[in-house]
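[1] No sequence on hand, only this structure:
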């Protein structure tokens, strides 16, 4: 059922599970656009809690309250944190209200604009961030949805009047508890990007073939005669592009030409070159994808290179923590095998003369699954030393089969690898190696048991 009103300023919208990362940002964006926004959740943590409170959108009490769901609502937006038997959802169905997942509602708000959707197993956030940075530098107005907090943006979602383009990070995870379609199937792009394909979310996509099929469907959702920008050096992406609808315009890309000197990457442009703040083959692929998108949106090449030269990177994506004359410390959101390999190789290639200690926390459902562990074989080979941490308690909490230190060590098959199940013991081991290794790379989608990574970086370089 469709929403009753079309004018967002006269609409009443209720969020079930408003505290989610994407949900609370969408709620803030719609509130700013003039909608009357309400919401509920059974638990909300920072930074969602503080942001909602700042905008007067924090629920007065935690828990689900069907009385909040009335016929006066124009739309209900359902988040993944809620369950299919949620009492507020049941009430909304009973009243015949329009119920959306957040990707469906983002489409509703952007369907009259040129939609650029960035998909892929890795690189989505970085490519999206690069495009947003360049467009902002070029004074081009846009709507957006991105999966990380970016410098210069106080919200991860922006929806505006009088914009002609929407830049959307297209996650392949499920849309809502009652809509099992991948989110990126719902945006219907005019311009699409596929950055890479490497099996992920095995709890949802049980086989690699099933996972790849989602990207094939994604290409079928591109508007007729639209553009598909794809990484041609990824064999799986290349196969998907070859199967895409014939009416699409194809734009293959690879690694941007470059040179490295004293830890700085330079890109050739015109008669000269441009120094950039990011590095690594993976980021240079991301940069090429962003460039293709920006050129299609009317940005000139010279504008692109001028803008990208001061791009500092997306939060938690190969993020610089601290450096000295003899070493650097970086952190990265990397958790999947392809991300670990790309990030570790990037940092080692940027500083080939320095010894690198790579540290990874296994935290996601896939990474802690015994059936998936073999995917990590060889991913840390670029490092001079490598440490892996996992929590047996987290394995138990995710209701997964027990894994052992030996299971993890055998799966990575990396010479000299050390596996830890205690963060305090690993932290001590890391600091004991600071005299032997100059560069430190910390990779996790978790939090290493609550470590202060900035303090660790200072101690490492002291």
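    Okay, I see it. Computed from a predicted structure; not experimentally measured.
[2] Break this structure down into its domains, please.
    For the chain, the structural domains run 8-97, 105-308, 319-461, going by automatic domain parsing.
[3] For those domains, could you give me CSV that also reports mean neighbour count and mean pLDDT?
    From N, CA and C alone the C-beta is placed, and that goes for glycine too. Below are those laid out as CSV (neighbours: other C-beta atoms under 10 Å; pLDDT from 0 to 100):
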stretch, mean neighbour count, mean pLDDT
domain 8-97, 18, 96
domain 105-308, 19, 95
domain 319-461, 18, 90
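[4] Tell me who's in contact with residue 69.
    Residue 69 is in contact with 14, 76, 88, 91, 92, 95, 97, counting by C-beta atoms under 8 Å, 6 or more residues apart in numbering.
[5] next one: residue 171
    Residue 171 makes contact with 124, 147, 182, 183, 184, according to C-beta under 8 Å, 6+ apart.
[6] Find the residue closest to residue 222 in space, skipping its chain neighbours.
    Nearest residue to residue 222 in three dimensions, chain neighbours excluded: residue 192, at 5.0 Å (C-beta to C-beta, 6 or more residues apart in numbering).
[7] typo on my end, it should be residue 161
    Here the residue nearest residue 161, using C-beta to C-beta, 6+ apart, is residue 33, at 7.5 Å.
[8] just to revisit the earlier point, tell me the bridge partners for the residue nearest to residue 222.
    According to DSSP bridges, the residues that bridge with residue 192 are residue 117, residue 228.
[9] I'd guessed it sits against residue 226; true?
    Yes. Counting by C-beta atoms under 8 Å, residue 192 does reach residue 226; the two are 6.9 Å apart.
[10] need the next SSE after whichever strand or helix holds residue 286, C-terminal direction.
    Using DSSP states H and E, residue 286 falls within helix 281-296. Elements were assigned by DSSP H and E; along the chain past helix 281-296, the next helix or strand is helix 301-308.
[11] hmm, back to that, quick one, what contacts the residue nearest to residue 161?
    8, 9, 159, 160, 161.
[12] just residue 263 next, same as before
    Residue 263 neighbours (C-beta under 8 Å, 6+ apart): 279, 328, 350, 351.
[13] Which of those fall in helices?
    Mapping the contacts of residue 263 onto helices (DSSP state H) picks out residue 350.
[14] Let me have the contacts of residue 263 in a markdown table, extended by distance to residue 306.
    Putting the contacts of residue 263 into a markdown table (distance: C-beta to C-beta, whole Å) gives the following:
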| residue | distance to residue 306 |
| --- | --- |
| 279 | 19 |
| 328 | 26 |
| 350 | 23 |
| 351 | 27 |
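[15] what's the most distant pair in the contacts of residue 263?
    279 and 328 (10.8 Å; C-beta to C-beta).
[16] so what's the residue of the chain positioned farthest from its centre closest to, chain neighbours aside?
    Farthest-out residue of the chain from its mean C-alpha position, per C-alpha atoms, centre = their mean: residue 71, at 35.9 Å. Nearest-residue entry for residue 71: residue 95, 5.6 Å, with adjacent residues in sequence omitted and distances by C-beta to C-beta, 6+ apart.
[17] From residue 439, how far off is that neighbour?
    58 Å (C-beta to C-beta, to the nearest Å).
[18] now do residue 120
    Relative to residue 439, residue 120 is positioned 27 Å away (criterion: C-beta to C-beta).
[19] that older thread, which one among the contacts of residue 263 gets closest to residue 460?
    Proximity of the contacts of residue 263 to residue 460, judged by C-beta to C-beta, is greatest for residue 328, which lies at 9.5 Å.
[20] Ramachandran angles for the residue nearest to that closest one when sequence neighbours are not counted?
    Once flanking residues are discounted, residue 328 sits nearest to residue 439: 5.2 Å by C-beta to C-beta, 6+ apart. Main-chain dihedrals, residue 439, degrees, to the nearest 10: phi -110, psi 140.
[21] Show me what residue 439 bridges to in the sheet.
    Judged by DSSP bridges, the bridge partners of residue 439 are residue 356.
[22] and the angle from the helix holding residue 286 to helix 301-308?
    Helix 281-296 runs at 130 degrees relative to helix 301-308, counting by axes from the mean of the first three to the mean of the last three C-alpha atoms, to 10 degrees.
[23] what helices or strands is helix 281-296 leaning on?
    Counting contacts by 3 or more C-beta pairs under 8 Å, 6 or more residues apart in numbering; DSSP states H and E, helix 281-296 is packed against strand 114-119, helix 124-137, strand 191-194, strand 227-231, strand 249-253, helix 301-308, helix 337-350.
[24] got the ones you listed as a markdown table, with distance to residue 44 columns?
    Conversion of the helices and strands packed on helix 281-296 to a markdown table gives the following (distance: least, C-beta to C-beta, whole Å):
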| stretch | distance to residue 44 |
| --- | --- |
| strand 114-119 | 28 |
| helix 124-137 | 23 |
| strand 191-194 | 32 |
| strand 227-231 | 37 |
| strand 249-253 | 40 |
| helix 301-308 | 36 |
| helix 337-350 | 28 |
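[25] Tell me where the stretch 51-200 of the chain has strands.
    For the stretch 51-200 of the chain, the strands defined by DSSP state E, counting those that start in this stretch occupy 75-78, 99-101, 114-119, 143-145, 157-158, 165-169, 174-176, 179-182, 191-194.
[26] list the contacts for residue 91?
    66, 69.
[27] And residue 360, which helix or strand is it part of?
    Using DSSP H and E, residue 360 sits in strand 356-362.
[28] Kindly report the same for residue 50.
    Secondary-structure element containing residue 50, defined by DSSP H and E: helix 48-54.
[29] what residues does that helix touch?
    With C-beta under 8 Å, 6+ apart, helix 48-54 has contacts from 18, 19, 20, 21, 24, 25, 27, 28, 39, 44, 58, 155.
[30] run the last query once more with 6 Å
    Helix 48-54 is touched from outside by 19, 24, 58, with contacts defined as C-beta atoms under 6 Å, 6 or more residues apart in numbering.
[31] Can you tell me which of those residues is closest to residue 422?
    Out of these, the member with the shortest distance to residue 422 (by C-beta to C-beta) is residue 19, at 30.9 Å.
[32] Chain neighbours aside, what residue packs nearest to residue 177?
    In space, residue 177 is closest to residue 84, 4.5 Å off (C-beta to C-beta, 6+ apart).
[33] Throw the contacts of residue 33 into CSV and include distance to residue 175, thanks.
    Shown next, in CSV, are the contacts of residue 33 (distance: C-beta to C-beta, whole Å):
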residue, distance to residue 175
8, 21
9, 26
159, 18
160, 24
161, 26
